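# Just the structure for this:
(one chain, ligands or ions: 1)
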Amino acid sequence: MTMEKAKDYAELSEMAAARIISKLSTKPDSVLGLATGSTPEGMYEALIKAYKERNVSFAEAVTFNLDEYVGLESNDENSYAYYMNKKLFSHIDISPENAHLPNGKSDDLDAACADYERMIENAGGIDLQVIGIGLNGHIGFNEPHTPFEQRTHIVELDETTRNANARFFADLDSVPKHAITMGIQNIMESKELLLLVAGEQKASVLERLVYGDKTEAFPASIIKDHPNVTIIADQGALSGLKAADYQTGD
Ligand code: PGA
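Numbering: from 1, shown residues only. Now for the predicted structure:
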C-alpha cells in the first residue's frame, strides 16, 4: 500500500486525475472503476480540463461505477447516473454505451446485479478502480459487516450513510434505503486500486484503516490485502497519521 500526501484538496484532485490520464495514455481502452460522492468531484473537474486541453481521451475507455441507488430514475438529480453525466460524461468523449452504472430501476434487481457482474467480466475486469471511504469505513456501499467475499448485490443502507448523504436530498426520508453496489470482492479483483481521502472529518477513518486490524466491521480494512493500492490523502485526512507512514510527495 502506497500513501501519497497532497497538500490540499486541489492537489489531491490533480494527483488523482494524473493517475487516470497516465493509465489511459498507456492503455487507451482501460476499464475504469469510478466513484461518486464529494471526494472525486475535483478529480472529475481536472479530467474535464485535461480533456479540453487534449491531454486525454476517453474515446476507447470503458467505465463501471461502484454503485447506484435503488428506485431513482437516471434523470433524478440524486441518482448517480445523473451525477456522472453532469460531472464527467457529458463533458468528455466517452461513448455512452461504454459508461456503466448498476440499474437501480430494474424490475428484477437480482438480475441487474448478475448483469453488472457479466458486463464487468466481458470487459476484461477493471484496470483501475477509484474508491472513497465512508465515515463507517464502507467502500462502495458495502456497509460494515458485509462479507469480504460478497459480489455485486443489493444493500440496505446504513443509517450513518443515509445521514451523511442526506445533504444532497430534500430531507432524510427522501434518501433511498437501498442501493446496488459492486461487492468487496469486485473491488479487490480490480488490477489497481486508488483510494482518495479528503478532509479532517476523514482523519480517524484513515487512521483506523492504516493502523487497525482487518475486520468485516470496517470494510475498507480489506484493501491492505490488495497487491496494488495507492492512497492519495490531503493534509486534513492525514492528520491522525505519523509522518513516517506517508510520502510527502516533495
Ligand atoms: P464522500 O463519500 O466522498 O462523499 O465523502 C465517500 C464514501 O462514502 O464512500
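
# Check which element follows the lowest-mean-pLDDT helix or strand in the chain along the chain.
Among the helices and strands of the chain, helix 159-165 carries the lowest confidence by mean pLDDT, DSSP states H and E, at a mean of 91. Past helix 159-165, heading to the C-terminal end, the next element that is a helix or strand (DSSP states H and E) is strand 178-181.

# near the ligand, anything from the following helix or strand past that next one?
From strand 178-181 onward toward the C-terminus, using DSSP H and E, the following helix or strand is helix 184-189. No: in terms of Cβ under 6 Å from any ligand atom, no part of helix 184-189 sits within range of the ligand; the closest distance is 11.3 Å. Any C-beta I mention is one placed from the backbone N, CA and C, and that applies to glycine too.

# can you list contacts of helix 184-189?
33, 66, 117, 120, 125-126, 129, 131, 139-140, 142, 146-152, 193, 219, 222-223, 225-226 (Cβ atoms under 8 Å, 6 or more residues apart in numbering).

# Does at least one residue of the helix or strand following it sit close to the ligand?
For helix 184-189, the succeeding helix or strand toward the C-terminus, using DSSP H and E, is strand 192-197. No: Strand 192-197 lies apart from the ligand when judged by Cβ under 6 Å from any ligand atom; the minimum separation is 7.5 Å.

# tell me what the next helix-or-strand element following strand 192-197 is packed against?
Read in the C-terminal direction, the helix or strand following strand 192-197 is helix 203-211, with elements assigned using DSSP H and E. When contacts are defined as 3 or more Cβ pairs under 8 Å, 6 or more residues apart in numbering; DSSP states H and E, helix 203-211 packs onto no helix or strand at all.

# now the angle from helix 203-211 to strand 192-197?
For the pair helix 203-211 and strand 192-197, the angle between their directions (axes from the mean of the first three to the mean of the last three Cα atoms, to 10 degrees) equals 150 degrees.

# All good on my end, thank you.
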